[in-house]
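Asker: I would like the atomic coordinates for the input below:
(chains A and B)
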Amino acid sequence: MKAPASLPDQHSFSSRLRSAAISARVGTALAVCFGLAFLTGLVSHYAQNPTQPVPFPTSPAWGYRFTQGLHVISGTAAVPLLLVKLWTVYPLLLARPSMRLKRLVVELAERLSILVLVGSALFLLVTGLQNISHWYPWAFSFRSTHYAMAWIAIGSLVLHVAVKLPLVRHALSHDVEDTELDRPGATEPGPLSRRGLLRATWLATGAVVLATAGSTVPFLRRVSVLAVRSGEGPQGVPINKTAEDAGVTDAARDPGWRLEVVNDTRSVSLSREELLALPQHSEELPIACVEGWSASGTWSGVRLRDLLDLVEAPSDAEVVLTSLQESGPFRVTLLQSGFVEDDRTLVALGLSGEELVLDHGFPARLIAPNRPGVLQTKWLARIEVRA
Amino acid sequence: MSPARFFLGGVGALVLAYGGWLLWSRREPADVLDAAVWAGGAVLLHDVVLSVALLVLGLVVAGLVPRVARGPVVAGAVVLGALTLVAVPVLGGFGRETDPTNETLLDRDYTAGWLVLAGIVVAVVLVWSLLRARRDHHQPHSGDTPT
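Answerer: Sure, this is the predicted structure:
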């Protein structure tokens, strides 16, 4: 029986590869990736929040590096998973709507929730990949919009799982070649078996991870030919913002530069030579960006706590750090008391055994354990105890 | 629907609504519209452009590629397609204009990197296809369709 020529619907797709047996398996991996990206994203937002009911821990020092590397890796891994998942369910997009009102309302509600899920999921992956390469062809604020969309995506994902749970359970408890859940007519063998398509999907997922993860996993640097950063940089550490782009070159090179350390009415003003004359400490700490790149460095300088002792700051002090930058969202940052008290927190003057270069924050910068890179203030001008 | 599923769905809907409120309350309406255009644009790009392109690609493979090589070609296309899509921002190098003096960002030869990856995928597809052709030649009754 040949159907008259008409618009394609779900029965126009005859491949047995577009099956719920594959959707459920790839979808499960996809849910894990989105779950990881969501949780690690929350960690980063909390770490950047000035008010923290539970203080963000200073240990392990590599915690922020690990979670944000995982954030970008799981998001990148989700790209092939999401595309294969959408490919397997594509016929359902063209399914004819029901003619019974009650049924139609339910169908429309489900379609709307899936539109929100797919839209927000694609938005997160597309804007995330653009953000790590500093490509901003839009007007909205990346950070707050990516954050809000993440809640939308994870909410609609949980809703989607609730709706599809019996189907997912059935698919995962039966063999991948099982046809009970297939659309009628979806019987034509594809160029690959279902197992073959699944293997190709896992292979593609592994390939995109290996090709990009070198930005944060040092032993993959040579393999990750598509990573946004090679991991190289002056003194062995990459840079997010150069002194020139931040507009601080002249102020940072000024011989009259002094670091102001202020506690209410007490204050000291220290030149670089005076800072170098104080007891020096060396710490190996990572610089880790929310954009998923990181590198470890050996920093040397003065313990922040030692500086604060000069102005008799109390032991639970929070301090406000001000950069020489004239503008920018991270010109002024708050350092919570846990970081202030940690002996590894330095006002760094050197990196890799050399004088700090301008792009790493010369004449002095903050380096603290387990802290977002954007809050490791460069080109320090002032350290003030918060009243 | 079981109570547990109903509860899970309710939680999902609440979280979704919270996200919607976050989006709406923290930004200007123009920003929200811009974000919606990007999300909607991504859906359209996938549902219309990419999906139709894949359908056409499927027809081309079915028409031009010998049966024995179709499996390897499709698997190779899944891998290389994924690699190419995640490489769009670095291949285009669009982010270089944001921080023009930063030499530690986008600091690889991405075209060469992509060509190497493409070369590996094509080589594997060719070798795999030849091995399958040889196996079929020796066992003419084994059938073409993988199980």
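Asker: contacts and neighbour counts: CA atoms only from here.
Answerer: Fine.
Asker: distance of residue A:324 from chain B?
Answerer: Counting by C-alpha to the nearest C-alpha, to the nearest Å, the separation of residue A:324 from chain B is 18 Å.
Asker: To what extent is that residue buried, counted in neighbours?
Answerer: Neighbour count for residue A:324, taken as other C-alpha atoms under 10 Å in any protein chain shown: 22.
Asker: Could you measure from it over to residue A:140?
Answerer: 27 Å (C-alpha to C-alpha, to the nearest Å).
Asker: Have a look at chain A and report its longest strand.
Answerer: strand A:294-303 (DSSP state E).
Asker: Please name every helix or strand in contact with the very next helix or strand once past it.
Answerer: Next helix or strand after strand A:294-303 toward the C-terminus (DSSP states H and E): helix A:304-310. Counting contacts by 3 or more C-alpha pairs under 8 Å, 6 or more residues apart in numbering or on different chains; DSSP states H and E, the secondary-structure elements packed against helix A:304-310 are helix A:337-341.
Asker: Listing partners with orientation, what would you give for the helix or strand just after the helix it packs on?
Answerer: Using DSSP H and E, the helix or strand that directly follows helix A:337-341 along the chain is strand A:346-351. Sheet pairing here is set by DSSP bridges, and for strand A:346-351 it gives strand A:294-303 (antiparallel), strand A:354-355 (antiparallel), strand A:365-367 (antiparallel).
Asker: Please identify the deepest-packed of those.
Answerer: Ranked by mean neighbour count, those are led by strand A:365-367 with a mean of 25 (mean count of other C-alpha atoms under 10 Å in any protein chain shown).
Asker: quick one: contacts of that one?
Answerer: A:285, A:287, A:299, A:345-349, A:376-380 (C-alpha atoms under 8 Å, 6 or more residues apart in numbering or on different chains).
Asker: Which helix or strand contains residue 112?
Answerer: As the question left the chain open, I've gone with chain A. Residue A:112 belongs to helix A:101-132, assigned by DSSP H and E.
Asker: let's do chain B instead
Answerer: Per DSSP H and E: helix B:110-138 holds residue B:112.
Asker: Tell me the confidence at residue 130?
Answerer: The chain I'm using is chain A. Looking at residue A:130, its pLDDT is 97.
Asker: To clarify, I was referring to chain B.
Answerer: Taking residue B:130 on its own, its pLDDT is 96.
Asker: who's in contact with it?
Answerer: By C-alpha under 8 Å, 6+ apart, the contact list for residue B:130 reads residue B:69.
Asker: so is the most centrally placed residue in chain B in a helix, a strand, or just coil?
Answerer: Centroid check for chain B by C-alpha atoms, centre = their mean gives residue B:82 as the closest residue, at 4.0 Å. The three-state assignment at residue B:82 reads helix, by DSSP: H, G, I helix; E, B strand; the rest coil.
Asker: Which strand or helix spans the closest residue to it other than its chain neighbours?
Answerer: Leaving aside its sequence neighbours, residue B:82 sits nearest to residue A:80 (C-alpha to C-alpha, 6 or more residues apart in numbering or on different chains; 5.4 Å). Residue A:80 belongs to helix A:63-93 when assigned by DSSP H and E.
Asker: What residues of that helix count as buried?
Answerer: A:63-92 (16 or more other C-alpha atoms under 10 Å in any protein chain shown).
Asker: Am I right that residue A:42 falls within a strand?
Answerer: No: under three-state DSSP, residue A:42 falls outside any strand and is assigned helix.
Asker: residues near it, how many?
Answerer: With other C-alpha under 10 Å as criterion, residue A:42 counts 17.
Asker: What values do phi and psi take at residue A:263?
Answerer: Note on residue A:263: backbone dihedrals following degrees, to the nearest 10 are phi -130, psi 100.
Asker: shouldn't it be in contact with residue A:384?
Answerer: Yes: counting by C-alpha atoms under 8 Å, residue A:263 touches residue A:384, with 5.9 Å between them.
Asker: Run through the residues that contact the residue nearest to residue B:82.
Answerer: So residue A:80 contacts A:201, A:204-205, B:78, B:82 (C-alpha under 8 Å, 6+ apart).
Asker: mind listing which of those are in strands?
Answerer: Per DSSP E, these never map to strands.
Asker: just curious, which of those residues is nearest to residue A:354?
Answerer: Set against residue A:354, the nearest of the contacts of residue A:80 by C-alpha to C-alpha is residue A:205 (40.4 Å).
Asker: ok, now which ones touch the closest one?
Answerer: A:77-81, B:79, B:82.
Asker: quick one: residue A:163 and chain B, what's the gap?
Answerer: 7 Å.
Asker: per-residue confidence averaged over the helix or strand containing that residue?
Answerer: Assigned by DSSP H and E, residue A:163 belongs to helix A:142-173. Computed over helix A:142-173, the mean pLDDT rounds to 97.
Asker: Report all helices and strands that that helix contacts.
Answerer: helix A:20-47, helix A:101-132, helix B:3-26.
Asker: Any chance you could list what contacts the helix or strand just after the last one?
Answerer: Read it as helix B:3-26. Toward the C-terminus, helix B:3-26 is succeeded by helix B:29-44 as the next helix or strand (DSSP H and E). Helix B:29-44 has contacts (C-alpha under 8 Å, 6+ apart) with A:115, A:118-120, A:122-123, A:138-141, A:145, B:23-24.
Asker: switch to 10 Å and redo it
Answerer: By C-alpha atoms under 10 Å, 6 or more residues apart in numbering or on different chains, the surrounding residues in contact with helix B:29-44 are A:115-116, A:118-124, A:126-127, A:138-142, A:145-146, A:149, B:20, B:23-28, B:45-51.
Asker: In CSV, list the C-alpha atoms belonging to that helix.
Answerer: Output of helix B:29-44 as CSV, limited to C-alpha atoms (Å, rounded to 0.1, in the frame of the first residue of the first chain):
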residue,chain,number,x,y,z
PRO,B,29,14.0,42.3,28.7
ALA,B,30,16.3,42.9,25.7
ASP,B,31,18.9,40.5,27.1
VAL,B,32,16.2,37.9,27.8
LEU,B,33,15.0,38.2,24.2
ASP,B,34,18.5,37.9,22.9
ALA,B,35,19.0,34.7,25.0
ALA,B,36,15.7,33.4,23.7
VAL,B,37,16.7,34.1,20.2
TRP,B,38,20.0,32.2,20.7
ALA,B,39,18.2,29.2,22.3
GLY,B,40,15.4,29.2,19.7
GLY,B,41,17.9,29.7,16.9
ALA,B,42,19.9,26.7,18.1
VAL,B,43,16.8,24.6,18.0
LEU,B,44,15.9,25.8,14.5
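Asker: ok and that helix relative to helix B:3-26, angle-wise?
Answerer: Interaxial angle of helix B:29-44 relative to helix B:3-26 (axes from the mean of the first three to the mean of the last three C-alpha atoms, to 10 degrees): 130 degrees.
Asker: This completes my enquiry, with thanks.
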